[in-house]
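> Starting from these lines, generate the structure:
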Amino acid sequence: MIVQAKVIMYSTRFCPYCMRARKLLKNKNIKYEEIKLGLGSGKRQEMEQKSGRTSVPQIFINGQAIGGYDDMAQLNRDGKLDTLLEEY
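As a prediction, the model looks like this:
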């Protein structure tokens, strides 16, 4: 049986790359947890510590940082994203 991997995306509301990431995940019918970064929430610092990056979105699959939208889109073009999204 194939179970979808756990996907977490740190994002902001109006970021164009965040919007593209949401659309790609939606088009692939992938459920994900979205952590929206807001003022004073401490979530941005959490994201930076986990990913080592300051830009959004930051996407994690099964706890592994895969980067932002461009990184995820490249994995998709290379045929590697689906493999990461499946856990056996």
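> which residues touch the residue nearest in space to the middle of the chain?
Central residue of the chain (Cα atoms, centre = their mean): residue 59, 2.3 Å from the mean position. Shown in contact with residue 59 (Cβ atoms under 8 Å, 6 or more residues apart in numbering): 7-10, 21, 65-69, 71-72. Every C-beta, even on glycine, is put in place using the N, C-alpha and C of the backbone.
> how close does it get to residue 40?
Separation of residue 59 from residue 40 (Cβ to Cβ, to the nearest Å) stands at 23 Å.
> Please identify which of the contacts of residue 59 is nearest to residue 48.
Using Cβ to Cβ, residue 10 comes nearest to residue 48 of these, at 9.2 Å.
> contacting residues around residue 68?
Applying Cβ under 8 Å, 6+ apart to residue 68 gives the contacts 17, 21, 53, 55-59.
> For stretch 40-51, report the contacting residues that lie outside it.
10, 35-37, 53-54, 56, 58, 60, 65, 67.
> With stretch 70-77 instead?
So stretch 70-77 is in contact with 17, 20-21, 24, 28, 59, 66, 81-82, 84, going by Cβ under 8 Å, 6+ apart.
> how does it look with 7 Å?
For stretch 70-77, the external contacting residues (Cβ atoms under 7 Å, 6 or more residues apart in numbering) are 21, 24, 59, 66, 81, 84.
> Just the ones in helices from these, please.
In helices, defined here by DSSP state H, the members of those are 21, 24, 81, 84.
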